[in-house]
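Student: Need coordinates for the below:
(chains A and B, ligands or ions: 2)
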Amino acid sequence: MARDPVLIFTEKGIYCPDGDFFIDPWRPVARALITHGHSDHARPGHGSYLATAAAAPVIRHRLGDVAMDTIAYGEPRRIGGVTVSFHPAGHVPGSAQIRVERAGEVWVVSGDYKVQDDGLSEPFAPVPCHSFISECTFGLPVFHWQSNAAVMGQINRWWAANAAEGRVSVLGAYALGKAQRILTGIDASIGPVLTHGAVEATNAVLRAQGIRLPATTQVTAGVDAASHPGALVLAPPSALGSVWAARFGPAAQAFASGWMALRGVRRRRGLAQGFVLSDHADWDGLNAAIRATGAERVFVTHGYTSVFRRWLETQGYEAGIVATEYEGEGLDAPEAEVIAPPAAEPTT
Amino acid sequence: MIRFAALFDALDRTTKTNAKVAALAEYFREAPEADRLWTIALLSGRRPKRAVTSTELRIWAAEAAGLPLWLVEEAYPVVGDLAETIALILPAAGQTSDRPLATWITDLIALTGQPAAARRSFILAAWDQLATAERFLFNKLITGGFRMGVSRGLMTRALAEATGIAESALAHRLMGDWSPQTTSYARLIAPDDPQADAAKPYPFALAAALEAEPGSLGQPGDWLAEWKWDGIRGQLIHRPGAFALWSRGEELITDRFPEFAPLADFLPMGTVIDGEVLAWHAAGDGAPQPFAALQKRIGRLNVSKKLLAEAPARMLAYDLLEDAGQDIRARPLAERRARLAAIIAALPGGMALALSPPVMADDWAGVATLRATARDRNAEGLMLKRLSSPYHLGRKRGDWWKWKLDPHTVDAVMIYAQAGSGRRATLYTDFTFAVRDGDDLVPFTKAYSGLTDAEFRQITDWVRRNTLERFGPVRRVPPELVFELAFEGIQASPRHKSGIALRFPRMIRWRRDKPVAEIDTLDTLRALLAGQRGFSTPAPPEDI
Ligand SMILES: [Zn+2]
Ligand SMILES: [Zn+2]
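Tutor: Numbering: from 1, shown residues only, chains lettered A, B, ... in the order given. Ligands and ions are numbered 1, 2, ... in the order given. Presented below is the predicted three-dimensional model:
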């Protein structure tokens, strides 16, 4: 009799029948294994949560007092008929790929990942497997990232030039991951660093778990361009152009995101400056990561799934698509809608 | 190319007019003269003849990147620009080069007509020595659509700043059918031959759409109301050594309309008239024919006797720009019109030139009542011009307004086509349209009615031959066919990429005469949105 596959795709999310658990489910379930704390992966309402020790504090911070069990990277744990373990995904601090093994057959769910070392997150580690479920947020060959150091250099030069002209620099970055990656990478000697409350709350959680970040000042009443001339302000992307940002006067504004690789996206957002900085793998990164798993079967999710699946088929993989309810890369602003192909546009 | 890329980047990163002008002026002071000339040409809509097709570019780029062609074509709609898509997918350049813009263009021009293998190896070699930003611009030189967010007026202002030559003199010199291959930078901006300007038209003054009530304009007595004719806006020039008719698109169309030739004998020397070329009813009733009649004459260099008899051309004169060799554009409209009327009155009978009649009424309500009859006269509505106004350089808000009959129209380009249903199931009738947003095309509406079956059949043929991609029943086509769409209202719609939604959009005309470069912009629609509260419907005359 044929057994169920190790993992199956249900309307609640990725499910393991032999372990009776879900991975990053989007509907409430009894038992959830969570790759990382971004809102499209760690949803409220589950009976119990299992995440890495480094990911757990942010999840607790976001979801409150949930039934949370933690696990170390690489630690095998038996759940029902399978063994699971969590491995660094390089996406944000504590982010994991989840490995599920049943009688020698190995499946890996990538969660969100990048292969580039960002100087903050535990570096991505390829996990050999038979079946790999990979995100493909940037799964088109137009996305090629520069090195972390190169982009940090661009941000430093932009900030320094603005400071020299007496302007504040407001940089939009997702509050979990991107903002702290930038904090870690910039040259803090250029000027004071201010943070939006959403960024500072995440900073506090990460600092409390032992991650070292440069000194920051949260923007509160009285903190503005006059009190902190030439400052760099880290804020969620939604704060760009907002009333909140108006206190900094004629500030330079920029957004750090992989989408900034596309001129049209940057222009539609009305931004003079974009930094191409992503916590997801670029085209070459996705292909290299998939190759490194040695998997023969690849399921793709989150992003340009149909195109990427077709590409993988031409590369000799058996490929499929995992449909998800949520698309988008971040804590604050789902970006997928910005670049939805025109054919999919509603027109009424 | 590095300097040109830096200019492009500077222009691309700001929306502030002053910053754009400063960046351009600096470029016009410092770039090699040949590069300045080509930059002026590109920014005024002149581009080198296309040496390579978009299809070839895609195929060669896919080969150079080691990617299947379909993958490149999937990436294109996401990026929204072919030149950029190609720049992004290519592997990093193996070499660097600082060849100037003009050299690249000269080489591209020399490439026209070469065998495919030679063109391919040139393009691949070029890609391999250009950084991503330069590559994007190089590709743009080939694919066209250079916009750079700089209007011609802004470019002229920057050039004036860089050269110290008056803006109006420069604007005049940049008109006409010059190209960088027929002139030099020095000759273009400061011709030493006074005859060089002889046949050149003045920049056309343009009107903004009136969104407010006409009552907000003040006393009707301060205004000239005239019909907004639906023909070809033209400038008729009679100067020593030159008799010329220019279209607003700066095309010399003198020879296409032999009806005007006799005017060369009767118009005083040193006369420049702004007017509308219309197809006229040959038989007695003295009225213009619909635009479609004139359309038959557009693009025909040799007009048959039959067509000349069916659709004789006539110009209705709006304005006088030059009188007895004097540029009188700064004089008030009232004076210019009086001089124009005198010139026309002195012409012998039978000339194909007449004064565009003023629309007279005692008050705005009376004007509005007459406006409601515009369609019966084959006019699009009214023009309202302040009698004290000069003949402005380009579009200046405040003095000239177009008060169209239809609430709103927009010129847009078709980007997707879908088959209709029922009777029209075999025809492509449902189209998705885009307007320009900088260098991008942004889809903003669908429309599926308003053309004849014969036109739909013709378009269907074209769609089948030009399909780039299929998404189920939808076909993506190259952005080439331009349509005029009418709609009843506009509202903000965050669900759409364009941020707007139209009410009752329909096609009213296939604009075969209109190049894609001249379609409307998203900013025009946004301005329309900003200028109204909710949906507007055509106001009945009694409400005004
Ligand atoms: Zn994530
Ligand atoms: Zn995600």
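Student: quick one: B:Asn466 and B:Pro479 touch, right?
Tutor: No. The criterion here is C-beta atoms under 8 Å, and B:Asn466 misses it with B:Pro479 at 10.5 Å. From N, CA and C alone the C-beta is placed, and that goes for glycine too.
Student: Of the two, which one has the most company?
Tutor: B:Pro479 (17 against 14; other C-beta atoms under 10 Å in any protein chain shown).
Student: Which residue, neighbours along the chain excluded, lies closest to that one?
Tutor: By the measure of C-beta to C-beta, 6 or more residues apart in numbering or on different chains, the closest residue to B:Pro479 outside its immediate chain neighbours is B:Val413, 4.5 Å from it.
Student: can you pull up the bridge partners for that neighbour?
Tutor: Beta bridges link B:Val413 to B:Ala434, B:Val482 when assigned by DSSP bridges.
Student: wait, what's in contact with it?
Tutor: Residues near B:Val413 by C-beta atoms under 8 Å, 6 or more residues apart in numbering or on different chains: B:Phe433, B:Ala434, B:Val435, B:Leu441, B:Pro479, B:Glu480, B:Leu481, B:Val482, B:Phe483, B:Val516, B:Ile519.
Student: Pick the one among these closest to chain A.
Tutor: Nearest to chain A out of those is B:Ala434 (C-beta to the nearest C-beta; 7.8 Å).
Student: tally of neighbours for that closest one?
Tutor: Residues lying near B:Ala434 (other C-beta under 10 Å) number 24.
Student: wait, what's in contact with it?
Tutor: Contact analysis of B:Ala434 by C-beta under 8 Å, 6+ apart lists A:Pro342, B:Ala412, B:Val413, B:Ile415, B:Leu441, B:Val442, B:Pro443, B:Phe444, B:Pro479.
Student: ok, now how distant is the closest residue to ligand 2 within chain B from chain A?
Tutor: Ranked by C-beta to the ion, the top residue of chain B for proximity to ligand 2 is B:Val78, at 18.4 Å. B:Val78 sits at a distance of 6 Å from chain A (criterion: C-beta to the nearest C-beta, to the nearest Å).
Student: does the closest residue to ligand 1 within the stretch 51-200 of chain B sit in a helix or strand, and which one?
Tutor: Closest to ligand 1 within the stretch 51-200 of chain B is B:Val78: 20.4 Å, counting by C-beta to the ion. Element membership of B:Val78, judged by DSSP states H and E, is helix B:69-79.
Student: For that helix, which helices and strands make contact with it?
Tutor: Of the remaining helices and strands, those touching helix B:69-79 by 3 or more C-beta pairs under 8 Å, 6 or more residues apart in numbering or on different chains; DSSP states H and E are helix A:305-314, helix B:54-65, helix B:82-89.
Student: Going by distance to ligand 1, which of the contacts of B:Ala434 wins?
Tutor: The closest of the contacts of B:Ala434, once distances to ligand 1 are taken by C-beta to the ion, is A:Pro342, at 26.3 Å.
Student: just to revisit the earlier point, can you tell me which of the contacts of B:Ala434 has the most neighbours?
Tutor: Going by other C-beta under 10 Å, B:Ala412 tops the contacts of B:Ala434 with 31 neighbours.
Student: Stretch B:500-512 vs chain A: in contact?
Tutor: Yes. Using C-beta under 8 Å from any C-beta of the partner chain, stretch B:500-512 reaches chain A at B:Ala501.
Student: For that stretch, C-alpha coordinates in PDB please.
Tutor: Output of stretch B:500-512 as PDB, limited to C-alpha atoms (Å, rounded to 0.1, in the frame of the first residue of the first chain):
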ATOM      1  CA  ILE B 500      -7.200  55.000 -10.800                       C
ATOM      2  CA  ALA B 501     -10.300  53.500 -12.200                       C
ATOM      3  CA  LEU B 502     -12.400  54.800 -15.100                       C
ATOM      4  CA  ARG B 503     -16.200  54.900 -15.400                       C
ATOM      5  CA  PHE B 504     -17.700  53.600 -18.700                       C
ATOM      6  CA  PRO B 505     -14.500  53.600 -20.700                       C
ATOM      7  CA  ARG B 506     -14.900  53.000 -24.400                       C
ATOM      8  CA  MET B 507     -12.900  53.400 -27.500                       C
ATOM      9  CA  ILE B 508     -14.000  56.300 -29.600                       C
ATOM     10  CA  ARG B 509     -11.300  56.300 -32.200                       C
ATOM     11  CA  TRP B 510      -8.300  54.200 -33.500                       C
ATOM     12  CA  ARG B 511      -5.600  56.800 -33.700                       C
ATOM     13  CA  ARG B 512      -3.500  55.500 -36.500                       C
END
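Student: Show the contacting residues for B:Thr96.
Tutor: Listed by C-beta under 8 Å, 6+ apart, the contact partners of B:Thr96 are B:Gln129, B:Ala131.
Student: And it, what's its pLDDT?
Tutor: On pLDDT, B:Thr96 comes in at 89.
Student: in what helix or strand does it lie?
Tutor: With DSSP H and E as criterion, B:Thr96 is part of no helix or strand.
Student: separation between it and B:Leu130?
Tutor: B:Thr96 sits 8 Å away from B:Leu130, going by C-beta to C-beta, to the nearest Å.
Student: For the stretch 201-348 of chain A, which segments count as strands?
Tutor: In the stretch 201-348 of chain A, the strands defined using DSSP state E, counting those that start in this stretch lie at A:217-218, A:232-235, A:252-256, A:273-275, A:297-303, A:318-321.
Student: Generate TSV for the helices and strands packed on helix B:69-79, with mean neighbour count and distance to ligand 2 as supplementary columns.
Tutor: Shown next, in TSV, are those (neighbours: other C-beta atoms under 10 Å in any protein chain shown; distance: least, C-beta to the ion, whole Å):
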stretch	mean neighbour count	distance to ligand 2
helix A:305-314	19	13
helix B:54-65	18	27
helix B:82-89	25	23
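Student: Can you add mean pLDDT and distance to A:Gln97 and give these back as TSV?
Tutor: Listed next are the helices and strands packed on helix B:69-79 as TSV, based on pLDDT from 0 to 100; distance: least, C-beta to C-beta, whole Å:
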stretch	mean pLDDT	distance to A:Gln97
helix A:305-314	93	18
helix B:54-65	95	29
helix B:82-89	95	28
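Student: domain parsing for the chain?
Tutor: No chain was given, so I picked chain A. According to automatic domain parsing, chain A comprises the domains A:8-142+A:279-321, A:148-275.
Student: Oops, wrong one, chain B.
Tutor: As assigned by automatic domain parsing, chain B contains the domains B:2-143, B:205-404, B:408-530.
Student: mind checking how far the closest residue in space to A:Pro214 that isn't next to it in sequence is from B:Met155?
Tutor: Excluding its sequence neighbours, the residue lying closest to A:Pro214 (C-beta to C-beta, 6+ apart) is A:Ala188, at 4.4 Å. The gap separating A:Ala188 from B:Met155 is 42 Å, by C-beta to C-beta.
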